[in-house]
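> With the input below, show me the fold.
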Amino acid sequence: VQLVESGGGLVQPGGSLRLSCAASGFTFSNSAMSWARQAHGKGLEWVSGIYSDGRTYYADSMKGRFTISRDNAKNTVYLQMNSLKPEDTAVYYCAMSRRTIAAFPYEYDYWGQGTQVTVSS
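The predicted structure is shown next:
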């Protein structure tokens with residue numbers, strides 16, 4: 001099983017980024033997926049999740065700014081991030097569950113290596 005994130009970088013406040021997570025080694029379409037982040041010196045924070053049936057969920061502070069989606073044909077989950085703020089600066093991780101519906105973090109089984117997002121002027 002492998003999860004590879006990409007799309008991070010440096011962006012100005014108010015800008016946008018789209019993160020991608022390419023998955024391999026398991027039946028992606030049957031798996032719940034999530035994005036989480038960890039800012040320097042802080043704990044892991046759940047950002048958003050998408051179940052195998054396409055239902056999506058967001059942390060309150062991301063609602064209206066972030067959009068999670070999945071392309072089962074490409075085995076990829078995305079996180080579109082708009083109106084970025086300096087407090088969104090963190091390493092962003094994608095995670096996969098062997099379940100179709102999963103509770104974060106205990107029911108997530110695999111994690112990517114993370115991609116750095118820095119929001120700064």
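
> Any figure for the gap between residue 57 and residue 104?
9 Å (Cβ to Cβ, to the nearest Å). C-beta here means a position set from N, CA and C on the backbone, and glycine is covered the same way.

> shared neighbours of the two, anything?
residue 49 (Cβ atoms under 8 Å, 6 or more residues apart in numbering).

> So between those two, which is more surrounded?
residue 104 (19 against 16; other Cβ atoms under 10 Å).

> what about that one, which SS state?
coil (DSSP: H, G, I helix; E, B strand; the rest coil).

> Going by neighbour count, which residues in stretch 61-79 are buried?
Neighbour counts using 16 or more other Cβ atoms under 10 Å place 62, 66, 67, 68, 70, 75, 76, 77, 78, 79 of stretch 61-79 among the buried residues.

> List the contacts of the helix or strand hosting residue 34.
Applying DSSP states H and E as the criterion places residue 34 in strand 33-38. Applying Cβ under 8 Å, 6+ apart, the external contacts of strand 33-38 come out as 19, 21, 23, 44-50, 68, 70, 77, 79, 88, 90-97, 102, 104-105, 108, 114, 117.

> Mind giving me the ChimeraX command for buried ones among those residues?
Buried residues among those (16+ other Cβ under 10 Å), as a ChimeraX selection:
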select :19,21,23,44,46,47,48,49,50,68,70,77,79,88,90,91,92,93,94,95,96,97,102,104,108,114,117
